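*Asks:* Could you work out the structure for the sequence below:
(3 chains)
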Amino acid sequence: MTLPLPKRRLQNSLLRWFAINLRDLPWRKNRTPYRVWLAEVMLQQTRVDQAIGYYTRFLEHFPTIRALAAAPLRDVLKQWEGLGYYTRARHLHAAAKRIVAKHGGRFPRELSDIRALPGIGPYSAAAIGSLAFGHNAATLDGNIIRVLSRLTALEDDVTKLRARKKLQALANELLPKGRAGEFNEALMELGATVCTPRKPLCAVCPLKKFCRAFAEGDPEQYPRKTRKKKAPHKHVGAAVVVNKSGRILIAQRQETSMLGGLWEFPGGKQESDETIEQCIARELKEEMGIDIAVGNHLITVRHAFSHFTMDLHAHACRLLRGRPRAIHCADWRWVTLDEMDQYPFGRADQQIIAHLRIQRQK
DNA sequence: AAGCCGGGGGA
DNA sequence: TCCCCAGGCTT
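*Replies:* Residues are numbered from 1 along each chain as shown, chains lettered A, B, ... in the order given. Next up, the predicted model:
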């Protein structure tokens, strides 16, 4: 894809625009490698507006890499609670430990060392390298894919590897040496605020005079991509088992599973040949080795994951026989409603907790 | 090379 | 409802 793009003029137009139009974001102040790293991980598949609050709170809890490495994983997950993609938090914690063990507690400067950390892929390595260390590395994220595919009216499906390679090559080519971090951020900022997925603000775009999609008249045609098929729907049962002292049984999900390491009301997916009550009883037998009586329905929470949606049906339950064992879960506890604040839960289970707290008031 | 992994917000 | 988002890991 050799393009007659006037590289120098394009760079100047974008950098001049960015100098005036950049948003005031917390990770743009005091750019230590740790602060840049944390921002890049939090911003993986996550919108800026959603990340800001988490970012500030996280840094208050874990102000340094050493503090993060020394913290229990549960505390790290608790700070991540509600942000999604919890593997990111586990990788962040593991990487902090590695930085302390192998790099003396200082974030590594070499691109290959950065890329080798858990949770750091091609995008984040280039972002951290350019923003924190001044390396000439070009980033390619969702925003930049959109900007560059419009700029060149790229007909390839951008979900395919071939298109990604072309776009990465173009990003590398356009990068002004010595100002890489600034240019990477400017491209992302343009994608986030002007070259938006729908109704792009071409009238105010500093690159419109270079943009083939704009010249064609319908920039929203790019980037080309195949439509994702819609997610399946599942029904899931959850047990709120209360013991004689009023404590509630919670279980920790296995490390490698979805929502790994988070806590939940034990339960699982409903099979086609059973009622939700039977499902809950079966799951607690399989996961924890206990017999329970499944009682009243409490609440049904509808929740959307990236790849499926679910109705989570919570029922009040009693323990009939046995002592819980961690068979298909990592751990378990009997806790009060107030003690649940100390454990990280996913969004859906948090709604069940909120419901139980409202019921308690009555 | 493709599938898997959360959650939220905009249109 | 559908799409998108400062992607990375696993197979």
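
*Asks:* Now do residue A:83 against residue A:57, distance only.
*Replies:* Counting by CB to CB, to the nearest Å, the gap from residue A:83 to residue A:57 is 10 Å. The C-beta positions use only the backbone N, C-alpha and C, and glycine is treated the same way.

*Asks:* So for these two, which residue has more residues nearby?
*Replies:* residue A:83 (19 against 11; other CB atoms under 10 Å).

*Asks:* got the contact list for stretch A:41-49?
*Replies:* Applying CB atoms under 8 Å, 6 or more residues apart in numbering, the set of residues contacting stretch A:41-49 from outside is A:23, A:25, A:51, A:54-55, A:58, A:83-85, A:88, A:91-92, A:119-120, A:123-124, A:192.

*Asks:* My error: substitute stretch A:210-217 in the last question.
*Replies:* Residues beyond stretch A:210-217 that count as contacts (CB under 8 Å, 6+ apart) turn out to be A:5-6, A:9-10, A:13, A:149-153, A:202, A:205, A:208, A:219, A:221-222.

*Asks:* what about that stretch and DNA strand C, any contact?
*Replies:* No: with CB under 7 Å from any atom of the strand as the criterion, DNA strand C is not reached by stretch A:210-217; the gap is at least 13.9 Å.

*Asks:* how far out from the middle of the chain is that stretch?
*Replies:* Relative to the centre of its chain, stretch A:210-217 is centred 33 Å away, using CA atoms, centre = their mean, to the nearest Å.

*Asks:* For that stretch, buried residues please.
*Replies:* By neighbour count on 16 or more other CB atoms under 10 Å, the buried set for stretch A:210-217 is A:210-214.

*Asks:* Which one of those residues is nearest to residue A:330?
*Replies:* residue A:213 (49.1 Å; CB to CB).

*Asks:* Now name the helix or strand holding the closest one.
*Replies:* Element membership for residue A:213 (DSSP states H and E) is helix A:212-216.

*Asks:* And the next helix or strand past that helix?
*Replies:* That would be, after helix A:212-216 and using DSSP H and E, strand A:233-241.

*Asks:* what's that following strand in contact with?
*Replies:* Here strand A:233-241 has contacts from A:248-249, A:264-270, A:276-277, A:279-280, A:283-284, A:292, A:294, A:298, A:308-319, A:349, A:352, A:356, using CB under 8 Å, 6+ apart.

*Asks:* That one vs DNA strand B: in contact?
*Replies:* No: judged by CB under 7 Å from any atom of the strand, strand A:233-241 stays clear of DNA strand B, getting no closer than 11.1 Å.

*Asks:* Convert the C-alpha atoms of that strand to PDB, please.
*Replies:* C-alpha atoms of strand A:233-241 as PDB (Å, rounded to 0.1, in the frame of the first residue of the first chain):
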ATOM      1  CA  HIS A 233     -28.700 -16.500  25.800                       C
ATOM      2  CA  LYS A 234     -28.300 -18.700  28.900                       C
ATOM      3  CA  HIS A 235     -30.200 -19.200  32.100                       C
ATOM      4  CA  VAL A 236     -28.000 -19.600  35.200                       C
ATOM      5  CA  GLY A 237     -29.100 -20.500  38.700                       C
ATOM      6  CA  ALA A 238     -27.500 -19.000  41.900                       C
ATOM      7  CA  ALA A 239     -27.900 -20.200  45.500                       C
ATOM      8  CA  VAL A 240     -28.200 -17.900  48.400                       C
ATOM      9  CA  VAL A 241     -27.600 -20.400  51.100                       C
END
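
*Asks:* What average pLDDT does the helix or strand following it get?
*Replies:* Using DSSP H and E, the helix or strand that follows strand A:233-241 towards the C-terminus is strand A:248-252. Average pLDDT, strand A:248-252: 95.

*Asks:* same check, this time on stretch A:51-65
*Replies:* 94.

*Asks:* Need the residues that contact that stretch.
*Replies:* A:25-27, A:34-35, A:38-39, A:42-43, A:67-68, A:71, A:75-76, A:79-80, A:83, A:96, A:99-100, A:105-107.

*Asks:* among those, which are in helices?
*Replies:* Among the contacts of stretch A:51-65, DSSP state H puts A:34-35, A:38-39, A:42, A:67-68, A:75-76, A:79-80, A:96, A:99-100 in helices.

*Asks:* Out of the buried residues of stretch A:210-217, which two sit at the greatest distance?
*Replies:* A:210 and A:213 (10.5 Å).

*Asks:* residues in the stretch 51-200 of chain A within reach of DNA strand C, list them.
*Replies:* A:85, A:87, A:91, A:118-125, A:127, A:141-143, A:145-146, A:185, A:188-189, A:191-192, A:197.

*Asks:* Provide a PyMOL selection command restricted to the buried entries of these.
*Replies:* To isolate the buried ones among those in PyMOL, judged by 16+ other CB under 10 Å, type:
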select buried, chain A and resi 85+87+91+119+120+123+124+125+127+141+143+145+146+185+188+189+191+192
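
*Asks:* can you tell me which of the residues of the stretch 51-200 of chain A next to DNA strand C are in helices?
*Replies:* A:87, A:91, A:122-125, A:127, A:142-143, A:145-146, A:185, A:188-189, A:191-192.

*Asks:* Please give me every residue in contact with the nearest residue to residue A:50 once chain neighbours are set aside.
*Replies:* In this structure, residue A:50 finds its nearest non-sequential neighbour in residue A:83, 7.4 Å apart by CB to CB, 6 or more residues apart in numbering. Applying CB under 8 Å, 6+ apart to residue A:83 gives the contacts A:42, A:46, A:50-51, A:54, A:89.
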